[in-house]
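S.K.: Test case, fold it:
(one chain, ligands or ions: 1)
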Amino acid sequence: MDPVNILIIGGGVVGCAVAEALSRRWQEIFLVEQFPKFGMSTSTRNSGVIHSGIYYPTNSWKAKHCVEGNRLTTEFCAKNKVPYRVTGKLVVAKSPEEEPQLLALMKKGQENGVAGLRIIDGASIREREPHVQGYSALLVPSTGICSAEELVHAYARLAEQQGANLLKRAKVAALEPQKDLMRVTLRVGDEQQPEVETVEARCVVNAAGLSADDIAKPLDDLSRARGILRNSWAASGTGPRPCLSVAAHGRAFTGLAFHQNALGNAAPWADGEIRG
Ligand SMILES: Cc1cc2nc3c(=O)[nH]c(=O)nc-3n(C[C@H](O)[C@H](O)[C@H](O)COP(=O)(O)OP(=O)(O)OC[C@H]3O[C@@H](n4cnc5c(N)ncnc54)[C@H](O)[C@@H]3O)c2cc1C
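M.R.: Okay, the predicted model is just below:
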């Protein structure tokens with residue numbers, strides 16, 4: 001069999017988006033996903049937040065990509081009928097002592113190019129979000145939410161329409177670099193009795209999420225992926241939640257916060273539902 005042009009490992013949001021982008025320009029693109037549906041690992045088990053880019057260090061790639069990614073993801077959702085909403089987000093200071101943190105965050109967000117940031121007072125918080133009490137809050141207008149599952153499927157659908165070949169139940173078992181090619185061993189079909197197939201690819205994109213470093217390990221000495229999850233608060237009750245809200249105190253400032261969004265996407269343990 002002739003070598004394929006590009007083989008993408010992993011059918012999460014990254015692999016499917018890469019397949020969509022590459023298949024606009026290139027032919028013979030293959031994506032292999034080990035599970036029976038795309039996005040069954042992390043990509044449909046998240047909060048579906050379209051982040052603004054306020055938290056990342058100024059001038060970092062993360063900040064640049066997050067700010068631009070916010071705009072591009074929102075445009076993509078609108079164009080491709082992926083359910084989304086630009087909810088805005090409140091980062092709440094419970095007391096005057098916490099307000100300097102909001103100001104520092106606003107400054108960083110402005111330096112990162114996040115538009116429309118401003119501080120609002122307690123009365124304005126309650127107007128927007130009746131369940132939230134706070135002294136003041138940073139309003140982040142560009143934060144949004146989308147259906148994580150439909151986002152993955154939209155990328156996959158477009159990639160296929162553009163001629164990419166997306167295969168499910170195809171697990172990469174081994175990568176062996178050849179002179180100008182990569183030999184890829186796949187276990188295809190039924191998990192208990194898979195067929196073993198070998199393909200050669202001119203280029204391999206490793207989009208295997210949390211397994212990416214294990215897959216790359218035989219090729220390179222990549223450091224292991226590190227997962228971080230921090231819980232900022234839990235909400236109860238059934239009232240309106242027009243905005244996303246996170247607490248300004250403590251560790252929520254240092255990275256990932258825990259959200260439940262108004263489209264019903266939540267961390268998987270929030271409702272016990274398995275999506276995919
Ligand atoms: C609780 C939680 C909440 C989050 N909330 C948000 C949020 O609100 N907004 C946001 O932007 N991000 C959020 N994230 C992060 C986001 O979900 C991830 O960054 C994103 O899903 C990563 O996508 P991925 O395609 O790289 O990985 P994955 O979704 O893990 O996809 C990798 C794919 O590779 C496949 N694969 C692995 N090994 C192989 C193999 N050997 N052969 C074939 N296929 C293989 C897997 O089955 C999987 O489908 C959250 C993450 C978590 C954990």
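
S.K.: quick one: contacts for the residue of the stretch 101-250 of the chain found nearest the ligand?
M.R.: The nearest approach of the stretch 101-250 of the chain to the ligand comes at Gly209, 2.4 Å away (C-beta to the nearest ligand atom). In this view, the C-beta of every residue, glycine as well, is placed from N, C-alpha and C. Gly209 makes contacts with 10, 12, 14, 41-43, as judged by C-beta atoms under 8 Å, 6 or more residues apart in numbering.

S.K.: Those residues also near the ligand: which ones?
M.R.: 10, 12, 14, 41-43 (C-beta under 6 Å from any ligand atom).

S.K.: got a markdown table for the residues you listed, with neighbour count and secondary structure too?
M.R.: Shown next, in a markdown table, are the ones next to the ligand among the contacts of Gly209 (neighbours: other C-beta atoms under 10 Å; DSSP: H, G, I helix; E, B strand; the rest coil):
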| residue | neighbour count | secondary structure |
| --- | --- | --- |
| Gly10 | 29 | coil |
| Gly12 | 23 | coil |
| Val14 | 20 | helix |
| Ser41 | 19 | coil |
| Thr42 | 15 | coil |
| Ser43 | 24 | coil |
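
S.K.: Of those residues, which is the nearest to Pro194?
M.R.: Within the ones next to the ligand among the contacts of Gly209, the smallest distance to Pro194 is 17.5 Å, found for Gly10 (C-beta to C-beta).

S.K.: Tell me the pLDDT of that closest one.
M.R.: pLDDT, Gly10: 98.

S.K.: I'd say it and Ala212 touch.
M.R.: Yes: contact criterion C-beta atoms under 8 Å: Gly10 and Ala212 qualify, at 7.4 Å.

S.K.: Find residues that contact each of these two.
M.R.: With C-beta under 8 Å, 6+ apart, Gly10 and Ala212 have common neighbours Asn206.

S.K.: Now do the same for the spatially most central residue of the chain: its pLDDT.
M.R.: Centroid-nearest residue in the chain: Ser43, 6.2 Å away (criterion: C-alpha atoms, centre = their mean). pLDDT for Ser43: 97.
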